[in-house]
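Undergrad: pasting the sequence and the predicted model now:
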Amino acid sequence: MAKGRTEMEVGADGVAVITIVNPPVNSLSIDVLLSLKDNYEEALRRDDVKAIVIAGAKGKFSGGFDITAFSDLQGGKREQPKVGYISIDIITETLEGAKKPSVAAIDGLALGGGLEVAMACHGRVSTSTAQLGLPELQLGVIPGFGGTQRLPRLVGLTKALEMILLSKPIKGEEAHALGLVDAIVPPDELVKTARRWALDIVEFRRPWIKSLYKTDKIEPLGEAREILKFARSQARKQAANLKHPLVCIDVIEEGIVSGPRAGLWKEANSFQELLFSDTCKSLVNVFFAQRSTSKVPGITDLGLTPRKISKVAILGGGLMGSGIATALILSSYHVILKEVNETFLKSGIDRVKSNLQSRLKKGKMTEEKYKKTLSLLTGVLDYEHFKDVDMVIEAIIENVSLKQQIFADLEKFCPPHCILASNTSTIDLNLIGERTRSRDRIVGAHFFSPAHIMPLLEIVRTQKTSPQVVVDLLDFGKRIRKTPIVVGNCTGFAVNRMFFPYTQSALLFVDRGLDVYKIDRACTKFGMPMGPFRLVDLVGFGVAVATGMQYLENFPERVYKSMLLPIMLEDKRAGESTRKGFYIYDEKRKASPDPEIKKYIEKSRSMAGITPSSELMELQDKDIVEMVFFPVVNEACRVLDEGIAVKASDLDIASIMGMGFPPYRGGIMFWADSLGAKYIYTRLEAWSKAYGDSFKPCAYLAERAAKGIPLSAPLDQAKARL
Ligand SMILES: C[C@H](O)CC(=O)SCCNC(=O)CCNC(=O)[C@H](O)C(C)(C)COP(=O)(O)OP(=O)(O)OC[C@H]1O[C@@H](n2cnc3c(N)ncnc32)[C@H](O)[C@@H]1OP(=O)(O)O
């Protein structure tokens, strides 16, 4: 069955309107592109057609090449069109090279291949709110339908590089100012204006422009080379492990130096190569994984409609509470912030103000918007204002009895429909709700610090949490621009639990002889924003030790009892907050290695009775990365096996957004599958014999390794194969 189509209607004015129809975003599947070619050729043949307009159905021009086709092509499920067939034969020869002019009528979005089709038309009319961009780099490829050649010729090299390298779309208004579109019109006049524009070209009242051969916006060669050189150095600095941004710059340069035709061919060949790269496969996985987090079997398939949440109360104005309040008011929610006394309340509100001021300083917000946003926040000291709130988010210190008291109070003061959420990162929600009769509306809303910046929201459901409440929170999460993942109730939930071994194994290997900074360097080279020791410094040793105790209590068999942190804490080294941890910090928070830590490490080793192994000291980065991350994979498998996470792709997103795992590796489970369950099992098994039970592969991993089933395969699929 064809995946999408185009429809053609020829009007009495002699304009053929070809509409892209492929819901939900009118993506350009191969079928759509072939149908576009067929209709275009028919329009060129027909005597009653003088000009052509290309539009998208239902207010969306096109979201670009069909991303689902990426995996079909990569997996050989779909035959490849020959290199250059779409970009050169269809888009350049048939569309741009046609003997009849065409105009794109752009509404909603023209992204990737969508914008590339529009740029091949001889004119472009857009609505002011349409989004136009080439976000292909986000998927590990480069623009492949001529975008690398036409965009610089329409908007100049600097702007084109910015839009492509940052995958940053622009709005219709800006596109007009830059010359990417020729006119801005209201949505209801769009197609009418495009028709008129196309006829004006026929009648020589407007120029017939082929973007590919425009030269007026391109900088002179010397200047262009300088701009490209700078772009290369920025790309290397921002993502040293990524090749495709550099390939993209080379392709753009080819067009400038050797002409647009040569540029098109280089683009087509490079696109083809990149499509099969691990980076592309990983980033496509992330694209779909991110969209599937809000599809929760047994919850979102029940036909429930999210209820409206208008007013939210937050308990506690500390770092987390004030961050959550900031996130909410930034998304236009009315927020009540409750504290226990005037001093704490003032500090909480001051924190929110300072979060907003930093946006103001960076130019992300106007003074007027600052005032309007802040006016949505009300500080209170009692529960009087709680009678009409739709949701409460508790964000006080991690103290079980205090939380129990608060939830019992909330049950009394809040309306019966109000959702009672806790931001706890460790405490069992069943325990928190023990003194209430409202277990069905108790849920975890676990934000990551700083809550107004970090994109992930863990929604923690207990066995009693009602599906309606989960559906409400999924919708709320989207509205505050977070990616929500739904997880089950256990110590550390999904993200913290899965990443607990990240520092655990690092501490173990330091006791055994590995160098702290070598471990951190290997992890950052792998793509993590920081290594495990820099992370402990950031989190603070106090929190790290307390969390360690929680894990020791709940999972004693797999916790390595390192003494290193307590020893350093005794000496008042508590991490970045004390400006001394594994690193020392200057006034600007710049971290530098500190040779002094040697003495603590020696003490820790002697307390553990360990003599450093020379073999470990010689390890390569690859081995270090595996030693640090395979225990994380092992724990992720347990999290899946216990049903704490519903699907492996949720853990991919959790690892990327919660811990900074490099997206271009596809997420923790995707990366693990790229290495193979058997390999991971074998290494963990060997380390468990050498270094103890914290490395012991879990049953889920052992079984999949034995049967050759990917770790990400759904449970029932795995059973079916057993
Ligand atoms: C050769 C060419 O140069 C190569 C290319 O064109 S590569 C493609 C370039 N285009 C893109 O990268 C755009 C990707 N899409 C997006 O950024 C966003 O989806 C969007 C801005 C279009 C819409 O965002 P939003 O309204 O929040 O909806 P969102 O949930 O993301 O997407 C809606 C649905 O459309 C699907 N979708 C979006 N873009 C798609 C695409 N290009 N191909 C296939 N499916 C797509 C999503 O998977 C989702 O499906 P689901 O409902 O089954 O989960």
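TA: Cool, got the structure.
Undergrad: please count neighbours and contacts with C-alpha atoms only from this point.
TA: Fine.
Undergrad: excluding chain neighbours, give the residue nearest to residue 348 in space.
TA: Once flanking residues are discounted, residue 348 sits nearest to residue 317: 4.1 Å by CA to CA, 6 or more residues apart in numbering.
Undergrad: oh, I was asking about residue 133
TA: Per CA to CA, 6+ apart, closest to residue 133 is residue 169, 4.0 Å.
Undergrad: please apply the same query to residue 307.
TA: Excluding the flanking residues, the one nearest residue 307 by CA to CA, 6+ apart is residue 472, at 5.8 Å.
Undergrad: how much space between the one you found and residue 351?
TA: As judged by CA to CA, to the nearest Å, residue 472 and residue 351 stand 28 Å apart.
Undergrad: check the gap between the residue nearest to residue 348 and residue 395 for me.
TA: 8 Å.
Undergrad: these two: who's more crowded?
TA: Taking other CA atoms under 10 Å, residue 317 and residue 395 do not tie; residue 317 has more neighbours (28 against 25).
Undergrad: residues in contact with that one?
TA: 337-339, 344-345, 347-349, 395-396 (CA atoms under 8 Å, 6 or more residues apart in numbering).
Undergrad: before we move on, the earlier item: the residue nearest to residue 307: neighbouring residues, count only.
TA: 17.
Undergrad: in terms of helices and strands, where is it?
TA: For residue 472, the host element (DSSP states H and E) is helix 467-479.
Undergrad: can you check residue 421 too?
TA: Using DSSP H and E, residue 421 sits in strand 419-422.
Undergrad: measure the nearest residue to residue 65 once chain neighbours are set aside to residue 350 for me?
TA: In this structure, residue 65 finds its nearest non-sequential neighbour in residue 28, 4.4 Å apart by CA to CA, 6+ apart. Note on residue 28: its distance to residue 350, by CA to CA, is 49 Å.
Undergrad: checking the closest residue to residue 147 other than its chain neighbours next. Helix, strand or coil?
TA: By the measure of CA to CA, 6+ apart, the closest residue to residue 147 outside its immediate chain neighbours is residue 116, 5.3 Å from it. Following DSSP: H, G, I helix; E, B strand; the rest coil, residue 116 is assigned to helix.
Undergrad: next one, pLDDT for residue 116 please.
TA: In this model, residue 116 is scored at 98, pLDDT.
Undergrad: so what's it up against?
TA: Contacts of residue 116 (CA under 8 Å, 6+ apart): 145-147, 150.
Undergrad: from the residues you listed, which are also near the ligand?
TA: Contacts with the ligand within the contacts of residue 116, as defined by CA under 6 Å from any ligand atom: residue 145.
Undergrad: return the member of the contacts of residue 116 nearest to residue 598.
TA: Nearest to residue 598, judged by CA to CA, of the contacts of residue 116 is residue 147 at 54.0 Å.
Undergrad: wait, isn't that closest one in contact with residue 132?
TA: No. Checked against CA atoms under 8 Å, the pair residue 147 and residue 132 is beyond contact range at 11.9 Å.
Undergrad: what residues does the stretch 251-400 of the chain have near the ligand?
TA: Applying CA under 6 Å from any ligand atom, we find that the stretch 251-400 of the chain lies next to the ligand at 288, 291.
Undergrad: nearest to the ligand: which residue in the stretch 251-400 of the chain?
TA: residue 291 (5.0 Å; CA to the nearest ligand atom).
Undergrad: and what of the stretch 501-650 of the chain?
TA: residue 649 (13.3 Å).
Undergrad: packing partners of the helix or strand containing residue 36?
TA: Element membership for residue 36 (DSSP H and E) is helix 30-45. Packing partners of helix 30-45 (3 or more CA pairs under 8 Å, 6 or more residues apart in numbering; DSSP states H and E): strand 5-10, strand 15-21.
Undergrad: which residues touch the last one?
TA: Read that as strand 15-21. Contact with strand 15-21 is made by 4-11, 26, 32, 36, 39-40, 43, 49-57, 61-62, 195, 198-199, as judged by CA under 8 Å, 6+ apart.
Undergrad: what of the shortest one?
TA: Identification of contacts with strand 5-10 by CA under 8 Å, 6+ apart yields 16-22, 31-33, 35-36, 39, 49.
Undergrad: quick check: residues of this structure near the ligand?
TA: By the rule CA under 6 Å from any ligand atom, the part of the chain lying against the ligand is 24-25, 27, 63-68, 111-113, 135-136, 143-145, 288, 291.
Undergrad: those in helices, which ones?
TA: Residues of the residues of the chain next to the ligand located in helices (DSSP state H): 68, 113, 288, 291.
Undergrad: of all pairs in those residues, which one is the farthest apart?
TA: 113 and 291, at 20.4 Å, using CA to CA across those.
Undergrad: between these two, who's got more neighbours?
TA: Ranked by neighbour count (other CA under 10 Å), residue 113 and residue 291 place residue 113 first, with 26 against 14.
Undergrad: show me what contacts the nearest residue to the more buried one once chain neighbours are set aside?
TA: Excluding its sequence neighbours, the residue lying closest to residue 113 (CA to CA, 6+ apart) is residue 64, at 4.1 Å. If you count contacts by CA under 8 Å, 6+ apart, residue 64 has them with 26-28, 110-115.
Undergrad: what about 10 Å?
TA: By CA atoms under 10 Å, 6 or more residues apart in numbering, the residues touching residue 64 are 25-29, 109-117, 133-136, 143, 145.
Undergrad: could you measure from it over to residue 184?
TA: 21 Å.
Undergrad: likewise for residue 149?
TA: Relative to residue 184, and taking CA to CA, residue 149 is found at 24 Å.
Undergrad: who has more neighbours, those two?
TA: Under the criterion of other CA under 10 Å, the comparison of residue 149 against residue 184 puts residue 149 first, with 30 against 22.
Undergrad: the more buried one: which element?
TA: Using DSSP H and E, residue 149 falls in helix 147-155.
Undergrad: quick one: the helix or strand that that helix is followed by to chain centroid distance?
TA: For helix 147-155, the following helix or strand on the C-terminal side (DSSP H and E) is helix 157-165. Counting by CA atoms, centre = their mean, to the nearest Å, helix 157-165 is centred 21 Å from the centre of its parent chain.
Undergrad: repeat for stretch 686-693
TA: Distance of stretch 686-693 from the chain centroid (CA atoms, centre = their mean) equals 35 Å.
Undergrad: ok, now stretch 193-202?
TA: 41 Å.
Undergrad: just the helices in the stretch 551-700 of the chain please.
TA: Secondary structure of the stretch 551-700 of the chain by DSSP state H, counting those that start in this stretch: the helices cover 564-570, 597-608, 614-617, 621-641, 648-659, 668-675, 677-691, 699-707.
Undergrad: give me every residue that touches residue 223.
TA: 157, 229.
Undergrad: that one belongs to a helix?
TA: Yes. With three-state DSSP as the criterion, residue 223 is part of a helix.
Undergrad: give me the neighbour count for the residue nearest to residue 538 when sequence neighbours are not counted.
TA: In space, residue 538 comes closest to residue 576 once its chain neighbours are excluded; the distance is 5.5 Å by CA to CA, 6+ apart. Counted with other CA under 10 Å, residues neighbouring residue 576 total 24.
Undergrad: ok, residue 371 - how many residues close by?
TA: 12.
Undergrad: please apply the same query to residue 24.
TA: Around residue 24 there are 11 residues (other CA under 10 Å).
Undergrad: from residue 171, how far out is it?
TA: 20 Å.
Undergrad: also residue 357?
TA: Using CA to CA, residue 357 is found at 26 Å from residue 171.
Undergrad: cool, and residue 27?
TA: As for residue 27, its distance to residue 171 is 19 Å (criterion: CA to CA).
Undergrad: go on, residue 692?
TA: Distance check for residue 692 against residue 171: by CA to CA, it reads 57 Å.
Undergrad: can you check residue 430 too?
TA: To residue 171, residue 430 is 47 Å away according to CA to CA.
Undergrad: one more: residue 226?
TA: From residue 226 across to residue 171, the span is 28 Å (CA to CA).
Undergrad: and stretch 519-537, end to end?
TA: Per CA to CA, stretch 519-537 runs 14 Å from first to last residue.
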